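1. Let's see this in three dimensions:
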Amino acid sequence: MLQNYLKVAIRSLLKNKVFPLINLLGLTIGISSCMLLLAYVQYESSYDNFHENADQIYRIHCHYYENASTLSETATVFSALGPTLKEKLPEVLEFTRAYFLSSEMALRVEDKTAQTSSVLFVDRSFLEIFSYPMLAGDKTKALTGDGPVPAVINQSLSDHFFSNALKAIEKKMIFIDSTFDIKGVIQIPENSHIQPEVLIPFEFGDFQNDWQWLDFYTYILVRPATNKAQLEKSINTIATDFMGKDRADHMRFSLISIKNIHLSSNAQDEFSSKGSLVVVNTLKIIAVGLLLIAFINYVNLSVVRAMQRYREIGMRKVVGARKRQLFVQFIFEAYLMIVTSALLSLIIIRLIFPVFIYFIDLPMTTTSLYQPFFWVVLGIVVLVGGLVTGIYPALIISRFQPTVILKAKLTRSGLRGRLRKVLVVFQFFVSAVLIISIWVVFQQLYFMQSQPLGVNIENVLIVNPTYSEDDHTIVSKNFETMISQFAPAEKISNSYFIP
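-> Okay, the predicted model is just below:
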């Protein structure tokens with residue numbers, strides 16, 4: 001029976017090639033666009049989900065208030081807050097702080113050198129809270145030990161210095177006037193909001209546990225099923241006791257899940273550029289809209305094409321074909337088109353994926369594309385799409401009466417119904433919404449790019465001098481003196497951060 005359905009479907013498709021090609025093209029473009037957009041959505045939503053205890057990890061933010069209105073929100077807090085919360089609150093199982101050293105500096109291993117601009121001073125519990133894969137070394141001992149200060153490097157630095165990550169262990173690394181023992185090599189996934197190149201124990205930075213400077217990213221690991229709102233209330237109560245009521249009246253601390261930082265954080269001083277939850281949700285709507293347009297287009301063309309097959313349907317009914325058989329036949333044809341379109345979509349996605357990731361400027365790879373999520377969604381699209389696009393034409397066609405068909409009394413008006421009219425109107429509505437949305441997005445981008453910055457950036461260069469083991473101040477002054485003697489340089493200034 002299945003073989004017969006296949007023969008009839010192929011014969012019908014080859015008999016009139018225009019409608020099938022239009023349907024195939026529409027479905028392929030719709031599925032390809034939908035899957036690419038959903039792959040981007042899935043990637044953006046996957047940040048920090050790889051951590052084993054991601055649901056229990058929160059970062060503490062600080063909000064500044066003035067007259068009951070929020071002035072700013074920072075991702076950094078006092079260095080004393082983390083240790084105090086672990087001591088005072090049973091809900092807090094562990095904490096780790098991170099101080100970000102973003103200056104471009106040089107480090108040396110044996111006779112090789114490298115530049116780094118992402119050094120983190122972290123507590124020893126950092127690798128216990130976060131589940132970064134260890135390529136070499138012991139996670140429980142990588143940031144501990146006697147003698148030289150231990151350090152952990154990421155995979156890219158390990159590949160630069162050594163042919164194998166295992167060869168990095170116990171090697172000496174010279175950095176900021178000190179010698180470090182490399183105790184571990186970690187792999188940092190691209191969908192991590194923290195992208196450190198070097199980890200150094202917090203104690204080496206000689207930081208004080210105080211309530212003065214808001215320079216420290218602080219993460220806490222809480223017990224399962226902890227009430228977030230209640231914990232925030234407890235944190236602010238404890239902080240008030242240590243800061244004093246005058247300061248506490250202008251500051252409030254909040255928690256944000258590590259899984260929400262990339263898309264939902266509004267804080268300043270983030271480790272890396274943030275995503276946009278609005279963009280992600282908009283792309284979800286666009287992806288579904290494109291798929292619906294492709295499906296509705298298939299349904300409408302399939303119903304119109306039934307006019308060309310009414311004699312075939314009438315003859316099959318006369319010789320004994322049942323309504324159920326005709327229904328299954330047209331459902332089968334719909335699934336044949338959907339499956340073919342899905343296979344072609346896989347080829348198109350593979351071909352245009354490099355251009356796509358270049359356009360969106362994200363470090364996505366084919367590995368991050370072909371995740372289980374991708375195949376599950378594609379399977380749902382094929383399964384539901386075949387049923388949705390096939391059931392209405394199949395119901396309409398299988399209801400034809402043979403006497404009416406053979407007497408040629410079937411007209412186009414017999415194929416028109418309210419549902420088909422609704423589908424056509426809905427298709428145009430979705431198309432109009434997508435076109436307007438794209439126009440609005442381009443207008444916003446143009447507005448942002450064309451606005452005056454308030455400063456003249458023409459003929460202005462930013463130079464990042466690489467610090468070595470020498471004193472940073474001396475290097476900066478010498479570099480400034482050298483540049484000031486360069487004739488084309490009219491003015492020179494320096495800053496710790498790039499504005």
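
2. what's the burial count for Ile194?
-> 20 (other C-beta atoms under 10 Å). The way it works is simple: take the backbone N, C-alpha and C, and place the C-beta from them, glycine included.

3. should've said Gln115
-> By other C-beta under 10 Å, neighbour count at Gln115 equals 12.

4. does Asn459 belong to a helix or a strand, and which?
-> Following DSSP states H and E, there is no helix or strand that holds Asn459.

5. let me fix that: Pro452
-> Secondary structure (DSSP H and E) places Pro452 outside all helices and strands.

6. And Arg324, by the same measure?
-> Applying DSSP H and E, one finds Arg324 within helix 323-360.

7. Now that helix: buried residues?
-> 326-338, 340-342, 344-346, 348-349, 353, 356-357 (16 or more other C-beta atoms under 10 Å).

8. for the helix or strand Val152 falls within, packing partners?
-> Here Val152, judged by DSSP H and E, is contained in strand 149-154. Judged by 3 or more C-beta pairs under 8 Å, 6 or more residues apart in numbering; DSSP states H and E, strand 149-154 is in contact with strand 172-175, strand 178-186, strand 198-201.

9. Now mean neighbour count and mean pLDDT too, for those strands, in TSV please.
-> Putting those into TSV (neighbours: other C-beta atoms under 10 Å; pLDDT from 0 to 100) gives the following:
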stretch	mean neighbour count	mean pLDDT
strand 172-175	18	86
strand 178-186	21	90
strand 198-201	22	92
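
10. any chance of these in a markdown table, with distance to Ala248 too?
-> A markdown table is the format used below for the helices and strands packed on strand 149-154 (distance: least, C-beta to C-beta, whole Å):
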| stretch | distance to Ala248 |
| --- | --- |
| strand 172-175 | 39 |
| strand 178-186 | 38 |
| strand 198-201 | 31 |
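
11. Now whatever helix or strand Gln444 lives in: buried residues?
-> Assessed by DSSP H and E, Gln444 sits inside helix 418-450. Neighbour-count burial for helix 418-450 flags Arg420, Leu423, Gln427, Val430, Ser431 (criterion: 16+ other C-beta under 10 Å).

12. wait, which of these is closest to Pro363?
-> Within the buried residues of helix 418-450, the smallest distance to Pro363 is 32.2 Å, found for Val430 (C-beta to C-beta).

13. Show the contacting residues for the closest one.
-> Gly289, Leu292, Ile293 (C-beta atoms under 8 Å, 6 or more residues apart in numbering).

14. and Leu383, what is it in contact with?
-> So Leu383 contacts nothing (C-beta under 8 Å, 6+ apart).

15. How about the secondary structure of it?
-> Secondary structure, DSSP: H, G, I helix; E, B strand; the rest coil: Leu383 is helix.

16. follow-up on the earlier one: beyond the helix holding Arg324, next helix or strand please.
-> helix 366-369.

17. buried stuff in that following helix?
-> Ser368, Leu369.

18. likewise stretch 124-138?
-> Applying 16+ other C-beta under 10 Å to stretch 124-138 flags 124-132, 134-137 as buried.

19. Pipe those into CSV and attach pLDDT and secondary structure per row.
-> CSV is the format used below for the buried residues of stretch 124-138 (pLDDT from 0 to 100; DSSP: H, G, I helix; E, B strand; the rest coil):
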residue, pLDDT, secondary structure
Arg124, 90, coil
Ser125, 92, coil
Phe126, 94, helix
Leu127, 92, helix
Glu128, 92, helix
Ile129, 94, helix
Phe130, 94, coil
Ser131, 92, coil
Tyr132, 93, coil
Met134, 92, strand
Leu135, 92, strand
Ala136, 91, strand
Gly137, 89, coil
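
20. Okay, now the unreliable bits of the stretch 301-450 of the chain?
-> 304-323, 325, 393-394, 396-420, 445 (pLDDT under 70).

21. So, low pLDDT: which residues of the stretch 101-250 of the chain?
-> 145-147.

22. try 90
-> Flagging of the stretch 101-250 of the chain using pLDDT under 90 yields the residue ranges 101-118, 137-149, 160, 162-168, 170-180, 190-191, 202-215, 225, 240-250.

23. What segments of it are helices?
-> 126-129, 155-161, 228-243, 245-248 (DSSP state H, counting those that start in this stretch).

24. For Tyr99, give me phi and psi.
-> Here is the backbone geometry of Tyr99 (degrees, to the nearest 10): phi -110, psi 120.

25. Give me the distance between it and Ile357.
-> 32 Å (C-beta to C-beta, to the nearest Å).

26. now swap in Lys172 and tell me
-> Applying C-beta to C-beta, the value for Lys172 to Ile357 is 38 Å.
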